[in-house]
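Participant: Make a model of this:
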Amino acid sequence: MSEYKSGFVAIVGRPNVGKSTLLNRIVGQKIAIMSDKAQTTRNKIQGVLTTEEAQIIFIDTPGIHKPRHRLGDFMVETAYSAMREVDIVMFMISADQKRGKGDDLIIERLKKSHVPVYLVINKIDKIHPNDLLAIIDDYSKQMDFAEIVPISATEGNNFERLMETLTSQMPEGPQYFPDDQITDHPEYFIVSELIREKVLFFTHDEVPHSVAVTIDSMKRNENKKIEIQATVIVERDSQKGIIIGKGGKMLKLIGTKARLDIEHLLGDKVFLELWVKVQKDWRDKQTNLKDFGYREDEY
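Facilitator: The predicted structure is shown next:
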């Protein structure tokens with residue numbers, strides 16, 4: 001009988017290459033928020049895959065970019081720190097984007113890595129199969145990857161092969177989490193992320209990434225419903241107006257859609273109450289970053 005395997009895998013890459021989409025497919029449930037906006041993931045989100053022969057803990061990191069404020073510094077350092085504490089690094093790129101300065105910056109860091117680096121080419125469903133060889137050839141010249149695996153995180157193409165490859169490379173080790181646990185984050189963190197996802201989705205480019213969500217209260221009421229009270233924090237009064245919308249319409253839409261995702265996550269009926277608060281320039285204030293869950297001691 002073969003020994004049980006376990007280990008940690010960091011998913012790194014530029015913003016918007018599909019890291020969160022892949023993590024959600026791995027665990028079979030939404031724990032990382034997905035958006036067509038760059039830099040959606042802010043904290044290291046851990047997803048746990050448990051099979052009969054192995055347990056792999058995947059760390060979805062913020063997209064590596066050039067920081068413009070303290071929050072950006074936090075996000076980039078979070079991503080780099082994840083690369084220092086794993087057994088394998090998966091460098092994820094998007095097949096429909098040309099290699100850019102951001103990719104080159106990450107590659108320079110990865111060359112110093114002491115663990116195997118796998119190149120995962122995502123979104124292969126977006127390109128013609130003939131174009132894939134040129135991408136593989138280009139990246140192969142930049143550094144020596146342990147393996148190159150083309151996939152589609154949304155469609156599932158080649159997903160099983162990627163999981164089998166990673167499992168085969170895991171060292172022998174214990175099972176760190178129970179069979180049914182899919183993340184190490186508390187429920188209130190995932191709940192706040194689901195609300196933030198809906199804010200980003202419905203406000204499009206009108207409200208950029210100056211949005212944070214805090215869970216003020218989460219408890220079961222006398223009707224057995226889970227009551228959640230949350231605050232959406234923005235940097236300007238104009239953003240507050242956009243999120244509330246005419247006659248409160250936008251906030252109601254955000255709340256309704258977020259509630260459905262939260263009910264799916266918790267497997268229970270939810271009553272969700274949202275407020276919107278302005279905290280000017282919070283992304284550049286250390287105390288605000290700590291209050292909203294972005295702590296330096298986490299990396």
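
Participant: OK, contacts around residue 51?
Facilitator: Taking CB atoms under 8 Å, 6 or more residues apart in numbering, we find residue 51 in contact with residue 167. C-beta: built from backbone N, CA, C; applies to glycine.

Participant: run the last query once more with 10 Å
Facilitator: 4, 5, 163, 167, 179 (CB atoms under 10 Å, 6 or more residues apart in numbering).

Participant: cool, residue 274 as well?
Facilitator: Contacts of residue 274 by CB under 10 Å, 6+ apart are 195, 198-199, 213, 228-232, 243-244, 248, 251-252, 254-255, 258-259.

Participant: In helices only, show me the contacts of residue 51.
Facilitator: Using DSSP state H, 163, 167 are the members of those that sit in helices.

Participant: Just the buried ones from the contacts of residue 51?
Facilitator: The neighbour count (16 or more other CB atoms under 10 Å) marks 5, 163, 167 as buried among these.

Participant: The first one reaches residue 167, doesn't it?
Facilitator: In this case it means residue 5. Yes: counting by CB atoms under 10 Å, residue 167 is a contact partner of residue 5 at 6.6 Å.

Participant: Spit out the residues that contact these two alike.
Facilitator: Common neighbours of residue 5 and residue 167 (CB under 10 Å, 6+ apart) are 51, 53, 54, 55, 56.

Participant: Do a quick rundown of the strands in the stretch 151-299 of the chain.
Facilitator: 212-220, 226-234, 270-278 (DSSP state E, counting those that start in this stretch).

Participant: wait, which of those strands is closest to residue 109?
Facilitator: The minimum distance between residue 109 and these falls on strand 212-220, with 27.6 Å, by CB to CB.

Participant: The closest one pairs with which strands, parallel or anti?
Facilitator: Strand pairing for strand 212-220, using DSSP bridges, gives strand 226-234 (antiparallel).

Participant: Can you point out the buried residues in the strand it pairs with?
Facilitator: By 16+ other CB under 10 Å, the buried positions in strand 226-234 come out as 226, 228, 230, 231, 232, 233, 234.

Participant: Could you single out the nearest of the residues you listed to residue 98?
Facilitator: Taking CB to CB as the measure, residue 98 lies nearest residue 234 of those, at 33.8 Å.

Participant: is that closest one in a bridge, and if so with what?
Facilitator: Counting by DSSP bridges, residue 234 forms beta bridges with residue 278.

Participant: right, and the strands of the stretch 151-299 of the chain - which one's nearest residue 18?
Facilitator: Closest to residue 18 of the strands of the stretch 151-299 of the chain is strand 212-220 (CB to CB; 22.8 Å).

Participant: so the closest one versus strand 270-278, what angle?
Facilitator: Computed with axes from the mean of the first three to the mean of the last three CA atoms, to 10 degrees, the direction of strand 212-220 lies at 150 degrees from that of strand 270-278.

Participant: Distance from the chain centre to strand 212-220, please.
Facilitator: 20 Å (CA atoms, centre = their mean, to the nearest Å).

Participant: Ok, stretch 176-183 next?
Facilitator: Relative to its parent chain, stretch 176-183 has a centroid offset of 18 Å by CA atoms, centre = their mean.

Participant: next one: stretch 171-180
Facilitator: Here stretch 171-180 is found 22 Å from its chain centre; the criterion is CA atoms, centre = their mean.

Participant: Need the residues that contact that stretch.
Facilitator: 2-8, 46, 48-52, 54-57, 87-88, 183-184.

Participant: got the end-to-end distance for it?
Facilitator: 22 Å (CA to CA, to the nearest Å).

Participant: buried set for it?
Facilitator: residue 177.

Participant: Over to stretch 255-263?
Facilitator: Across stretch 255-263, burial judged by 16+ other CB under 10 Å covers 255, 257, 258, 259, 261, 262.

Participant: Leaving out sequence neighbours, find the closest residue to the fourth one.
Facilitator: So the one you mean is residue 259. residue 272 (4.5 Å; CB to CB, 6 or more residues apart in numbering).

Participant: Is the one you found in contact with residue 231, as I believe?
Facilitator: No: applying CB under 10 Å, one finds residue 272 not in contact with residue 231, separated by 12.0 Å.

Participant: Need the overlap of contacts for those two.
Facilitator: With CB under 10 Å, 6+ apart, residue 272 and residue 231 have common neighbours residue 195.

Participant: circling back to that earlier point, make TSV out of the contacts of residue 51 and add distance to residue 116 and pLDDT.
Facilitator: Shown next, in TSV, are the contacts of residue 51 (distance: CB to CB, whole Å; pLDDT from 0 to 100):
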residue	distance to residue 116	pLDDT
4	20	93
5	15	95
163	16	94
167	14	94
179	27	86
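
Participant: now residue 168: how far from residue 227?
Facilitator: In this view, residue 168 and residue 227 are 46 Å apart by CB to CB, to the nearest Å.
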